[in-house]
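Visitor: Provide a 3D model corresponding to the input given below.
(2 chains)
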Amino acid sequence: MDEIDRRIINALQGGFPIAERPFALAAGRLGLDEAELLARITALKQAGVISRFGPMWHAEKMGGGLTLSAMQVPADRFDEVAAVVNSFPEVAHNYAREHALNMWFVVATERPERIKQVLAEIESRTGLPVHDMPKIEEFFVGLRFEA
Amino acid sequence: MSGGILSPLDRAIVRATQEGLPLVERPYHAVAEAVGTTPEEVMARMERLLAAGVIRRIGLVPNHYALGYGFNGMTVWDVADEDIAEAGLLVGNLDFVSHCYHRPRHLPHWPYSLFAMIHAKEKAAADALVASIAQLLGPLSRGHLVLFSSRILKKTGLRL
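Guide: From the prediction side, this is the model:
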């Protein structure tokens, strides 16, 4: 990753244009040309420095369901339970965290009522309680990372 | 857009872009081809969805681990219900907090109601961010924890 890659990462975490040739417009703002910007974004994505490029959709505003849930998983069952949780396509993220509640996952569903079903299925397949912590209010989302 | 009801074409656009935009000169044309409409229609709808907040933003999502942010902490704060709005605005406005939410407590073991994610390249820097939130909240916080992620078990985009 060089200085130009850093500038791309810092400049393009939002505000990508909607236009016929958006990469040409974005490249112009960065003093690059379209082909170079496309090649660099492609390479950064392949290298895993960029995990995604495109629109960030807002699950609830699309009419879907979204929640954060936590489980207390015994250490000797951790991988087995992680495999069960991750097997649900509705589980978007799952993180191991250092706490008695040691598994934290985000469930996103097309229909809100499906959330409860997914959590109940996880409870029945693992035999462990799921602590559901849906957001009550959102105060902020959207940090930009400095590369 | 009120009520979050998307048309079938909007939904097709979501499906075609949830993994990302094609990295080609005319990405919206490629999306239009995939969903069977005109590029003008795709661009007009995406403009509307962006204005309505259904699209939060369009751009890249860096892998923060790859950028060296190895300390990603979920900070959780026990804030009285009547103080949540004030505390949430204070913490949500901090420039180093990426997400800030009010979530339900699970008493007796989990009294925490305000969640704020922080990211740092070093442990000491992460600790300093937590300390500055604690100082900002002062008596509004009755206790807090930081849960660092020790492992990513799964991370995918939104799936419909």
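Visitor: SS state for the residue nearest the centre of chain B?
Guide: Centroid-nearest residue in chain B: B:His99, 5.3 Å away (criterion: Cα atoms, centre = their mean). Secondary structure, DSSP: H, G, I helix; E, B strand; the rest coil: B:His99 is strand.
Visitor: list the contacts for the nearest residue to it once chain neighbours are set aside?
Guide: Setting aside the residues directly before and after it, B:His99 is nearest to B:Met117 in space (Cβ to Cβ, 6 or more residues apart in numbering or on different chains), at 4.5 Å. Yep, even glycine has a C-beta here, placed from its N, CA and C like the rest. Contacts for B:Met117 (Cβ atoms under 8 Å, 6 or more residues apart in numbering or on different chains) come out as A:143, B:72-75, B:97-100.
Visitor: Kindly reformat those residues as CSV containing distance to B:Ile55.
Guide: Converted to CSV, those look like this (distance: Cβ to Cβ, whole Å):
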residue, distance to B:Ile55
A:Leu143, 18
B:Asn72, 25
B:Gly73, 28
B:Met74, 25
B:Thr75, 28
B:Val97, 22
B:Ser98, 18
B:His99, 17
B:Cys100, 21
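Visitor: farthest-separated two in those?
Guide: B:Asn72 and B:Cys100 (14.6 Å; Cβ to Cβ).
Visitor: Could you chop chain A up by domain?
Guide: By the assignment in automatic domain parsing, chain A contains the domains A:3-46, A:60-132.
Visitor: if we can go back for a sec, between B:Asn72 and B:Cys100, which is the more surrounded one?
Guide: B:Cys100 (25 against 19; other Cβ atoms under 10 Å in any protein chain shown).
Visitor: Confirm for me that the more buried one is in contact with A:Phe139.
Guide: Yes - B:Cys100 is within contact range of A:Phe139, at 4.0 Å (criterion: Cβ atoms under 8 Å).
Visitor: now for the helix or strand that contains A:Ile122, which elements pack on it?
Guide: A:Ile122 belongs to helix A:114-126 when assigned by DSSP states H and E. If you count contacts as 3 or more Cβ pairs under 8 Å, 6 or more residues apart in numbering or on different chains; DSSP states H and E, helix A:114-126 packs onto strand A:65-71, helix A:78-86, strand A:103-109.
Visitor: Partner strands of the first one and their direction?
Guide: When pairs are called by DSSP bridges, strand A:65-71 turns out to pair with strand A:103-109 (antiparallel), strand A:131-132 (antiparallel).
Visitor: Tell me which of those is the most buried.
Guide: strand A:103-109 (a mean of 23; mean count of other Cβ atoms under 10 Å in any protein chain shown).
Visitor: Domain map for chain B?
Guide: Here the domain parsing of chain B from automatic domain parsing is B:2-51, B:71-148.
Visitor: how far is the last one from where the chain is centred?
Guide: For domain B:71-148, the distance between its averaged C-alpha position and the chain's averaged C-alpha position is 15 Å (Cα atoms, centre = their mean, to the nearest Å).
Visitor: neighbours around A:Pro55, how many?
Guide: Residues lying near A:Pro55 (other Cβ under 10 Å) number 24.
Visitor: Tell me if I'm right that it and B:Pro27 touch.
Guide: No - using Cβ under 8 Å, A:Pro55 makes no contact with B:Pro27, being 10.5 Å away.
Visitor: Find residues that contact each of these two.
Guide: Residues touching both A:Pro55 and B:Pro27 (Cβ under 8 Å, 6+ apart) are B:Leu21.
Visitor: pull the helix or strand with minimum mean pLDDT from chain B.
Guide: Of all helical and strand segments in chain B, the minimum by mean pLDDT, DSSP states H and E falls on strand B:141-155, at a mean of 91.
Visitor: report the angle between the axes of that strand and helix A:78-86?
Guide: Interaxial angle of strand B:141-155 relative to helix A:78-86 (axes from the mean of the first three to the mean of the last three Cα atoms, to 10 degrees): 80 degrees.
Visitor: list the buried ones in strand B:141-155?
Guide: Neighbour-count burial for strand B:141-155, counted by 16 or more other Cβ atoms under 10 Å in any protein chain shown, picks out B:141, B:144-149, B:153-154.
Visitor: so which of the residues you listed also contact chain A?
Guide: Among the buried residues of strand B:141-155, proximity to chain A is found for B:145, B:147-149, B:153-154 (Cβ under 8 Å from any Cβ of the partner chain).
Visitor: Export the domains of chain A as CSV, with columns for mean pLDDT.
Guide: Shown next, in CSV, are these (pLDDT from 0 to 100):
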stretch, mean pLDDT
domain A:3-46, 96
domain A:60-132, 95
